[in-house]
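Asks: okay, sequence plus prediction incoming.
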Amino acid sequence: MFRALLIDKADGQQTAAVQTLTDDHLPDGDVTVRVAYSTLNYKDALAITGASPVVRKFPMVPGIDFAGTVEASSHPNFAIGDSVVLNGWGVGETHWGGLSERARVKGQWLIPLQAPFTPRQAMAIGTAGYTAALCVMALERHGVTPDQGPVVVTGAAGGVGSVAVALLARLGYEVAAVTGRPQEADFLTALGARQIIDRAELSKPGRPLEKERWAGAVDVAGGQLLANVCAAMRYRGVVAACGLAGGMSWPASVAPFILRGVTLAGIDSVMAPTAERIAAWRRLATDLDVNLLERLVEDITLDDAVAKAPLLLAGQVRGRLVVRVGAQD
Ligand code: NDP
């Protein structure tokens, strides 16, 4: 028997509640994991509230990521007792996810927990932090270096944004943090932001090209904010776009791309190849100050997840929500 958050749908009505299940409820997979920690990501909040059709089949256990210990395995890369991490691969959308004391998944979706992280630290970082690392790696791949000028991060007080701010600052970039919550200025400064920009300043329709401000950008917002960020990139600047917190559509012009050689780098964490995942986690291990992690984290339980989901979508959660699932410590 194990406890899991289960989303179900009947007569067009979606429900989400913690339930007690047995192993024969688990989906197919070659590795069974005792989940210690999961997290509440933006996509999990969409799934739990039903605000967006993230869940592709019902009933579904949400949770796009988890850290835990292998309990059973017929996969050659994993043995009983191994500490593992999972991010994405449609888990929590099409396959039962991490907001459950037990998960059964394909071994090819797992990676070993990377030293020096504990399972809780790995989930304090979670898919949001791993995505932030993919964004930073994309800026580097396209040649952005700290001497080229400031890097702007949107949604800075959220999960992806706060880890991106911390990572970039540690790497020596001058970070400009865009936030809709000016009251989080001290938090963002503690993470290493040198400049705090009110989101309202970048939310109105702007010109196709604005004054050149940034050498790089990590954007979690999409929508008008992304259009305005692109318009204000320096010559040959690079924008890593990973989110849609401000909207899916994108009222932009091609001017920044054809007149300033700006690069728009799309970031997807869900289906990223395993080697890139491990590279991103290694970068987090070397470049993220684990002491700062504690500032980012709020610990919640499986039973708190349903109530927290709408707050996350309303942009009222600071940093990361770590869900203690079956951890014994
Ligand atoms: P969070 O909810 O933790 O953070 C999102 C932040 O966006 C909020 O905290 C807020 O920050 C800002 N925000 C909220 N509403 C708006 C708005 N209307 N316009 C602009 N900004 C807004 O979510 P995550 O950080 O976990 O995820 C952020 C985005 O990235 C989501 O869209 C998510 O789906 C996406 N994502 C994509 C991944 C990928 O693989 N491509 C992986 C992980 C996440 P503030 O108050 O500071 O402005």
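Replies: On my side now, so go ahead. Numbering: from 1, shown residues only.

Asks: spell out which residues of this protein are next to the ligand.
Replies: 41-43, 127-128, 131, 155-161, 179-181, 199, 220-221, 225, 242-246, 267-270, 312, 315, 317 (CB under 6 Å from any ligand atom). All C-beta spots, glycine's among them, are computed from the backbone N, C-alpha and C.

Asks: which ones are touching Leu302?
Replies: Arg3, Ala4, Leu5, Val18, Leu99, Glu101, Val323, Arg324, Val325 (CB atoms under 8 Å, 6 or more residues apart in numbering).

Asks: the last one - nearest residue in space that isn't next to it in sequence?
Replies: Distances taken as CB to CB, 6 or more residues apart in numbering place Val35 nearest to Val325, at 4.6 Å, with adjacent residues excluded.

Asks: now the strands for the stretch 1-150 of the chain?
Replies: For the stretch 1-150 of the chain, the strands defined by DSSP state E, counting those that start in this stretch occupy 2-10, 13-21, 31-40, 65-73, 83-87, 102-105, 110-112.

Asks: now the first one: average pLDDT?
Replies: What strand 2-10 shows for mean pLDDT is 96.

Asks: wait, a strand at Cys230?
Replies: No - the assignment for Cys230 by DSSP: H, G, I helix; E, B strand; the rest coil gives helix, which leaves it out of any strand.

Asks: quick one on the thing from earlier: beta partners for the residue nearest to Val325?
Replies: Gly68 (DSSP bridges).

Asks: use 55 as the first number from now on
Replies: Fine by me, first position is 55 from now on; the one you just mentioned is Val89.

Asks: could you count how many residues lie near it?
Replies: Val89 has 30 neighbouring residues, counting by other CB atoms under 10 Å.

Asks: so of the residues of the chain next to the ligand, which ones are in helices?
Replies: Tyr96, Lys97, Thr181, Ala182, Thr185, Gly213, Val214, Gly215, Leu279, Leu366 (DSSP state H).

Asks: could you list the low-pLDDT ranges of the stretch 255-383 of the chain?
Replies: Within the stretch 255-383 of the chain, the stretches with pLDDT under 70 are 382-383.

Asks: now do the same end-to-end measure for stretch 93-106.
Replies: From its first residue to its last, stretch 93-106 covers 19 Å (CA to CA, to the nearest Å).

Asks: OK, contacts around the residue in the stretch 105-254 of the chain that the ligand sits nearest to?
Replies: Nearest residue of the stretch 105-254 of the chain to the ligand: Gly212, at 2.0 Å (CB to the nearest ligand atom). By CB under 8 Å, 6+ apart, the contact list for Gly212 reads Tyr96, Ala182, Val274, Ala299, Gly369, Val371, Gly373.

Asks: emit the PyMOL select command for whichever of those residues are buried.
Replies: Of the contacts of Gly212, the buried ones go into a single PyMOL selection, burial set by 16 or more other CB atoms under 10 Å:
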select buried, resi 96+182+274+299+369+371+373
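
Asks: can you pull out the helices in the stretch 105-254 of the chain?
Replies: 173-195, 213-224, 239-245 (DSSP state H, counting those that start in this stretch).

Asks: what's the last one in contact with?
Replies: The contact list for helix 239-245, computed with CB under 8 Å, 6+ apart, reads 210-211, 216, 219-220, 223, 231, 233, 250, 346, 349-350, 372-373.
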